[in-house]
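> A structural model of the following input is requested.
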Amino acid sequence: MDDKNINGSGMTLDVTVRPIEPKGNLLGFASVKFNDCFVVEDFRILQSDKGLFVGMPSKPDKGSKTGYRDTAKPITADFRTELTEAVVTAYHAEVEKLQTRAAAVRPAPEKQPPIKEQLDKAAKEVSRDNAARPAAPKKEKAAER
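Okay, here's the model as predicted:
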């Protein structure tokens, strides 16, 4: 959760983020609590060519160009910027926390040599093992008769 005082106005935003396994450009969801008295849920955290951005909560609307209509949105560009910064900051903090937790649970994998080197090494070991085997005794045909 990230508490942020907006523009020194006394308004605080408590942001809760839920990262997900990426689906297309969707990276997660966020809920924002305003001044401990109003919550807006279902903000989408999205990746674009320009970086992360926050999609506003919306619902399907067949009459709109995109097929969706925002159900909550900032009125001013300044507040949209502040809201986006708060959500993106909370997202980065949550991802870092998850990565730290994952690193503590499992040790880092050992660095493996390239596949070609592994195959060459295995071929040499097989050749050495084959050379060390005693030759199978040959049966003579005359002795069998």
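> what is the neighbour count of residue 70?
Counted with other CB atoms under 10 Å, residues neighbouring residue 70 total 14. Just so you know, the C-beta spots here come from the backbone N, C-alpha and C atoms, and that holds for glycine as well.
> and residue 93, how far is that from residue 30?
Relative to residue 30, residue 93 is positioned 12 Å away (CB to CB, to the nearest Å).
> okay, these two: which has more neighbours?
When residue 93 and residue 30 are compared for neighbours, residue 30 comes out ahead with 26 against 14, by other CB under 10 Å.
> residue 90 belongs to a helix?
Yes - Residue 90 forms part of a helix when assessed by DSSP: H, G, I helix; E, B strand; the rest coil.
> pretty sure it is touching residue 32, no?
No - counting by CB atoms under 8 Å, residue 90 does not reach residue 32; the two are 9.0 Å apart.
> buried sites along stretch 20-35?
Within stretch 20-35, the residues scored as buried using 16 or more other CB atoms under 10 Å are 27-33.
> so where's the chain shaky on pLDDT?
For the chain, applying pLDDT under 70 flags the ranges 1-9, 107-109, 140-145.
> ok, longest strand in it?
strand 11-23 (DSSP state E).
> outside of it itself, list whatever touches it.
Contact partners of strand 11-23, identified using CB atoms under 8 Å, 6 or more residues apart in numbering, comprise 1-6, 26-36, 45, 47, 82-83, 86-87, 89-91, 93-95, 98.
> now, which of those residues lie within helices?
82-83, 86-87, 89-91, 93-95, 98 (DSSP state H).
> show me which of these is closest to residue 132.
Top of the list for closeness to residue 132, among the ones in helices among the contacts of strand 11-23 and by CB to CB, is residue 98 at 50.5 Å.
> of all residues in this structure, which one is nearest the centre?
Central residue check for the chain by CA atoms, centre = their mean: the C-alpha nearest the mean position is that of residue 21, 5.5 Å away.
> so what pairs up with residue 28 in the strands?
Note on residue 28: beta-bridge partners by DSSP bridges are residue 19, residue 45.
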